[in-house]
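S.K.: Need the 3D shape of this:
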Amino acid sequence: MKKTLLATAIALTMFNVSAQESPGIKAIETVTIYGNQLKAQEATGSAQYIGEQDLEKFAYSDIQRIIRQAPGVSLQVEDGYGLRPNISIRGVATERSGRITLLEDNILIAPAPYSAPSAYYFPTAGRMSAFEVVKGPAAITQGPYTIGGAINMLSTPIPSSQSGQITVEAGQDSTYRAHATFGGQNDGGFGYLLEAHQWQSDGFQSIDRSNSDTGLDVTDLTMKLAYAPKDSRHSVELKLQYTDQDSEQSYLGLTDTDFADNAMRRYGLSALDNISTEHTQVMLNYAFQVSKTLSLTAVAYNNTHERDWFKTEGIDFDGSDNAQDFSRTSWSDVISAVNDNETVAGIDVAQLQGILNGTIDTEAGSIQLRSNKREYYSRGIQFGLNWDTQLGEAKHHVEVGVRLHEDEEDRLQRNSTYQQIDGQLVLNDLGELGNAGNRVQDADALAIHVYDRIELGDWVFTPGLRFEDINQSRTRYTNGAERVFRDERENDTTVVLPGLGVLYKIDSNLNLIAGAHKGFTAPSNSPGAKEEEAVNYEFGFRYGNNNLNAEVVYFLSDYDNIVGVCTASSGSNCEIGDAFNGDAATVQGVEFLLKTELGQFNGIRVPLNVTYSYIDSEFDTDISGTDFFGDVTAGDSIPYIPENQGQITLGLEGNNWATYLNALYVDGVCTRASCDTFEVTDPSFIVDLSGSYNVSDSLRLFARIENLTDQEDIVSRQPYGARPNKSRTASVGVTYRF
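M.R.: Presented below is the predicted three-dimensional model:
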């Protein structure tokens, strides 16, 4: 029924809505949540806006370095470039950013946000114009993941007049980046934007006995066409976006001994590992300003994503199994055994290390590599209504949103077997198509939210309500290209999520903010898995004047049930896609943000930005024997959530030059509950340095050094072994505007 409604709704948006033109009424912007830092500071809850000026300081292309500017955000670093980041907000699980709502231009952007939310596609951060981070009660407008919050990435807007920009950057490890935009609007209301972003690198790691690099090659193309005549109530914008990525990334890390000897090494067993992806987006955005106080929007969207991650999975020590029936030991178990000086399947540590080092040959068919191929779509339509009115002394801004959505993940994967001879991988059996996964899982959802901003004297109240009705299913097939039904399962969920935010203006500069809302994470199709729910609270203060902006917020998430979802990247020995109930948990903490200017000395400005997060996360109950969580004791920390993390950015700014020093500290974390010595990461202290010089109004030179002190830390242990942060990397670039 929902799919029929979805098709009908998409068709209706193709018709032009006619109305009498009214001078002085302009079509509205629909892709942002707040639109600028000032609006974010007026929110009744914690919200951050990272705009063009903030992004220009370091010209990062890595989302991980960008998003740390928002307090309360945690990361599990994996590849060092942020290609598939693991982002958490307020202590939700980091795994593939699957517990936060990811948006580009206010549209769900994960490959399959409901049926397979793991972000194996993430928009290219280097082409974005701004980032919005939404937490607290306002997150109920941006579901379905509302416990932590949402990140909205804003693509380059169409410029108001014909103009363009070219940025070219070159750095170590044969790293190059080029970003070009050109567009404008004419007097008739027609606008356009052409954009290209190319990013490539040989990578900062080296593979044993191989000439293959460990880098990336990303091509990103965007076109926008818009029509919004002056003084018209109507606007329409078409966005077409395409991304092609090829990266030599692996799930295989290192033993601790090998990491200490050479942190930037990769085992030769990962020499063939590679992921190739292709992503498309079509978005049609229509806005109708009915009157000065009432506006309507409709957005139809269709995202597709294809990926094939060919990577080493594990080893069968006697080589007796073939690709069709493979019983293996994962590399995670091998590396754990070496770290703990134990045997696996009767193989001692010296032999295990010899296999990793390539000095010991293996039996035919002993090593499994998987073509982890998947295809996704995510499509739907969302309607919005914004109404400003006044009832008595109270001003109301009412927002109503309706989204009809469907998505799907289609897996048709192949396991192949190899053996290691003289340190090289030799193919033994290509394997039967579908032997590593032959299934389709999908979801369709109806989401409705109502949100009212009520201004009454010095008070602002924002009551809100979100409704989600979700149908999820999975169908499995037998091996082979021809799909023969094997089994199916489904899970239906309906939830109502209330929330309330409050802001009190203590004086013209100081505001008190508070709120409570029921948070929710969409469940999987796994039978018996409950949805993840938590009651969330926040309380804090926000101060702002011409020279200083500061915010301190306490938050608490009281989980009724925290859920673990098995993925290949989790490194857990479980069925991919299955969900596990983690019972009650508590996450609480403090977020602090400060932006100020320390003063001016001989015409030189000294800006200072400070971000700090304290997060105390723990399980409230004992859990025994789950394949995902393992054995949990009440009081254990939730994996990959650092207790303390902070960032300080100090700058010197002249009339035509600037330099900035950014220092980041992150606590070490447990990578599993009840963790031991080899299940923790290192505390990390990373310093970046940047500088720029404006030759003229149109020409800017810049330089950047990431990881200035060349720290080598274990920043992650999933999926299989210790993984490093990116090594010291210097780059220079130029931006020309015309």
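S.K.: buried stuff in stretch 351-364?
M.R.: 352-356, 358, 361-362, 364 (16 or more other CB atoms under 10 Å). All C-beta atoms are positioned from the backbone trio N, CA, C, and that covers glycine.
S.K.: Dump those to JSON lines, plus secondary structure, distance to Ser378 and pLDDT.
M.R.: What follows is the buried residues of stretch 351-364, written out as JSON lines (DSSP: H, G, I helix; E, B strand; the rest coil; distance: CB to CB, whole Å; pLDDT from 0 to 100):
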{"residue": "Leu352", "secondary structure": "helix", "distance to Ser378": "42", "pLDDT": "96"}
{"residue": "Gln353", "secondary structure": "helix", "distance to Ser378": "44", "pLDDT": "97"}
{"residue": "Gly354", "secondary structure": "helix", "distance to Ser378": "45", "pLDDT": "97"}
{"residue": "Ile355", "secondary structure": "helix", "distance to Ser378": "41", "pLDDT": "96"}
{"residue": "Leu356", "secondary structure": "helix", "distance to Ser378": "39", "pLDDT": "97"}
{"residue": "Gly358", "secondary structure": "coil", "distance to Ser378": "41", "pLDDT": "97"}
{"residue": "Asp361", "secondary structure": "coil", "distance to Ser378": "45", "pLDDT": "95"}
{"residue": "Thr362", "secondary structure": "coil", "distance to Ser378": "41", "pLDDT": "94"}
{"residue": "Ala364", "secondary structure": "coil", "distance to Ser378": "42", "pLDDT": "94"}
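S.K.: Output those residues in a markdown table, with distance to Val460 appended to each entry.
M.R.: Below are the buried residues of stretch 351-364 laid out as a markdown table (distance: CB to CB, whole Å):
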| residue | distance to Val460 |
| --- | --- |
| Leu352 | 61 |
| Gln353 | 62 |
| Gly354 | 66 |
| Ile355 | 63 |
| Leu356 | 59 |
| Gly358 | 64 |
| Asp361 | 70 |
| Thr362 | 66 |
| Ala364 | 70 |
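S.K.: Among the residues you listed, find me the one that's closest to Ala170.
M.R.: Ala170 lies nearest to Gly358 out of the buried residues of stretch 351-364, by CB to CB, at 33.6 Å.
S.K.: quick one: buried residues of the strand ranked longest in the chain?
M.R.: Ranked by residue count, the top strand of the chain under DSSP state E comes out as strand 367-391. Using 16+ other CB under 10 Å as the test for burial, strand 367-391 gives 367-384, 386-387.
S.K.: Okay, now the sheet partners of that strand, with direction.
M.R.: strand 294-315 (antiparallel), strand 394-412 (antiparallel), strand 414-421 (antiparallel) (DSSP bridges).
S.K.: what about the stretch 501-650 of the chain, any weak spots by pLDDT?
M.R.: For the stretch 501-650 of the chain, the stretches flagged by pLDDT under 70 are 528, 564-582, 625-630.
S.K.: quick one, strands of it?
M.R.: Taking DSSP state E, counting those that start in this stretch as the test, the strands found in the stretch 501-650 of the chain are 510-521, 532-544, 548-561, 563-565, 579-581, 585-601, 604-619, 623-626, 630-632, 644-653.
S.K.: Export those strands as JSON lines, with columns for mean neighbour count.
M.R.: Shown next, in JSON lines, are those (neighbours: other CB atoms under 10 Å):
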{"stretch": "strand 510-521", "mean neighbour count": "22"}
{"stretch": "strand 532-544", "mean neighbour count": "20"}
{"stretch": "strand 548-561", "mean neighbour count": "19"}
{"stretch": "strand 563-565", "mean neighbour count": "25"}
{"stretch": "strand 579-581", "mean neighbour count": "20"}
{"stretch": "strand 585-601", "mean neighbour count": "17"}
{"stretch": "strand 604-619", "mean neighbour count": "19"}
{"stretch": "strand 623-626", "mean neighbour count": "14"}
{"stretch": "strand 630-632", "mean neighbour count": "18"}
{"stretch": "strand 644-653", "mean neighbour count": "18"}
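S.K.: Export the ones you listed as a markdown table, with columns for distance to Ser206.
M.R.: Formatted as a markdown table, those follow (distance: least, CB to CB, whole Å):
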| stretch | distance to Ser206 |
| --- | --- |
| strand 510-521 | 39 |
| strand 532-544 | 40 |
| strand 548-561 | 42 |
| strand 563-565 | 33 |
| strand 579-581 | 37 |
| strand 585-601 | 39 |
| strand 604-619 | 34 |
| strand 623-626 | 37 |
| strand 630-632 | 33 |
| strand 644-653 | 30 |
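S.K.: so which of those gets nearest Glu342?
M.R.: Closest among the strands of the stretch 501-650 of the chain, using CB to CB: strand 630-632, at 16.8 Å.
S.K.: So for Lys530, which of the strands paired with strand 367-391 sits nearest?
M.R.: Of the strands paired with strand 367-391, nearest to Lys530 by CB to CB is strand 394-412, at 21.2 Å.
S.K.: Burial check on Ala481, number of neighbours?
M.R.: 9 (other CB atoms under 10 Å).
S.K.: Next: the one 5 residues further on.
M.R.: Here the neighbour count serves as a burial measure; for Arg486 (other CB under 10 Å) it reads 12.
S.K.: Next: Ser174.
M.R.: Look at Ser174: counted by other CB under 10 Å, it has 12 neighbours.
S.K.: contacting residues around it?
M.R.: Applying CB atoms under 8 Å, 6 or more residues apart in numbering to Ser174 gives the contacts 200-202, 213, 215.
S.K.: Give me the subset of those that lies in helices.
M.R.: The members of the contacts of Ser174 all map outside helices under DSSP state H.
S.K.: now, among these, which is nearest to Gly164?
M.R.: When those are compared for distance to Gly164 (CB to CB), Gln200 wins out at 22.2 Å.
S.K.: Apart from its chain neighbours, what residue comes closest to that closest one?
M.R.: Spatial nearest neighbour of Gln200, chain neighbours left out: Asp217 (4.5 Å); criterion: CB to CB, 6 or more residues apart in numbering.
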